[in-house]
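Q: Sequence first, then the predicted structure, then my questions.
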Amino acid sequence: MAQNNEILNRIMGNPQIEGSSEEQLAAASTPATAPTPIPIREDEATPKVRIVTARYKIYLVLSLLLLCFLGLDLLPKQTDKQRQTHSLYVSSQQSLVQIQQDTIEAEKKKTYLSEIIEHADMVQECLNQESAQACSRIPENWNKDLSVAVSFLQLNSLQSNKMLIDEQKVLYNLNDYLIRDQFILDASARNGEIERIEIWDPTPIPNQPYFYTAPVDLVIQFPNVDNLRGFVHNVERKLVPDSANRILYKIQEISYDIIASQEPQTTNISMIAYYYHDPKFEDLNVSQSEEDENEIVPTNEAEAE
């Protein structure tokens, strides 16, 4: 029996167990134990792991330092740049809106001034002749307010090549038009007698290129207060028929004794004359005047030669 078991074990490839049959049976019934692993010495693997871990820690610290540097240096700059960009965008949008509003307003003013020029004769007839028919034909969008139209039509140039302003034009405007009593209808009647006219040097209007003011002081003797009112009405509400001799005035002060309103008295009136003047046109006129003065007129002797 023992021989048969031994033969069977050899055939099956089982290891042979020496000893008695009882010992063999006990050994066969005992489960095989797992092979014992060969221990690896700690000093062979641990240094490599520690070195790799230390490298990753160094890389992590360097990365954190780099991020901190970038955050402290670039982030504020980027934030300021974004803030400036946003401010610039908001400012640009506001400027764009303002430009659009100014454009719309300029178009309205352009249309209004075009209407004033187109209806200039009608405005003159409405004011000077007090024609109700002419006044009714004035555009409705004016709201029957002719102050802007009158100021625009009166505004003119007082340009002069030999003086600061054309004083002869001022004298002609006052003496031949504004002092008249209803000067459009009756050229002989006058509101008063001008005793003195004093024209001061012009000064530019701030923030208004090409526009100037010139103070004009008058001393006029009026027979009564009604004549004074007539003169003031001519200054503020009348239009000189000749557009080249129109001047825009604004009365600043009137020295008048209202108690003696029905007696002749001398009145001091301070006015401001407004006008426009573009220097480039003056240069052209000066050049033209110099050419005319320097033009050589041939004599008869030169022609004969």
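A: Thanks, I have the structure now. Numbers count the residues shown, from 1 in each chain.
Q: what domains does the record give for this protein?
A: 53-112, 119-154, 157-290 (automatic domain parsing).
Q: Worst mean pLDDT among those?
A: For the domains of the chain, the weakest mean pLDDT is recorded on domain 53-112, namely a mean of 78.
Q: what helices or strands is the host helix or strand of Q124 leaning on?
A: Using DSSP states H and E, Q124 falls within helix 120-128. Where contact means 3 or more CB pairs under 8 Å, 6 or more residues apart in numbering; DSSP states H and E, helix 120-128 is packed against helix 132-136, helix 147-154. To be clear about C-beta, it is placed using only N, CA and C from the backbone, and glycine gets the same treatment.
Q: which of the ones you listed sits most buried?
A: Highest mean neighbour count among these (mean count of other CB atoms under 10 Å): helix 147-154, with a mean of 17.
Q: Hey, what's the angle from the helix or strand that contains I99 to helix 147-154? Just curious.
A: According to DSSP H and E, I99 maps onto helix 42-118. For helix 42-118 against helix 147-154, the angle by axes from the mean of the first three to the mean of the last three CA atoms, to 10 degrees is 80 degrees.
Q: Hey, what's the angle from helix 42-118 to helix 120-128? Just curious.
A: Using the same axes, to 10 degrees: helix 42-118 against helix 120-128 is 60 degrees.
Q: circling back: in the helix holding Q124, what counts as buried?
A: Buried residues in helix 120-128, counting neighbours by 16 or more other CB atoms under 10 Å, are found at M122, V123, Q124, E125, C126, L127, N128.
Q: The second one against A149, yeah?
A: Yes - assessed by CB atoms under 8 Å, V123 is found in contact with A149 at 5.3 Å.
Q: and for those two, which residues touch both?
A: Residues touching both V123 and A149 by CB atoms under 8 Å, 6 or more residues apart in numbering: I116.
Q: right, so of the helices and strands packed on helix 120-128, which gets closest to A214?
A: Smallest distance to A214 across the helices and strands packed on helix 120-128 (CB to CB): 14.1 Å, for helix 147-154.
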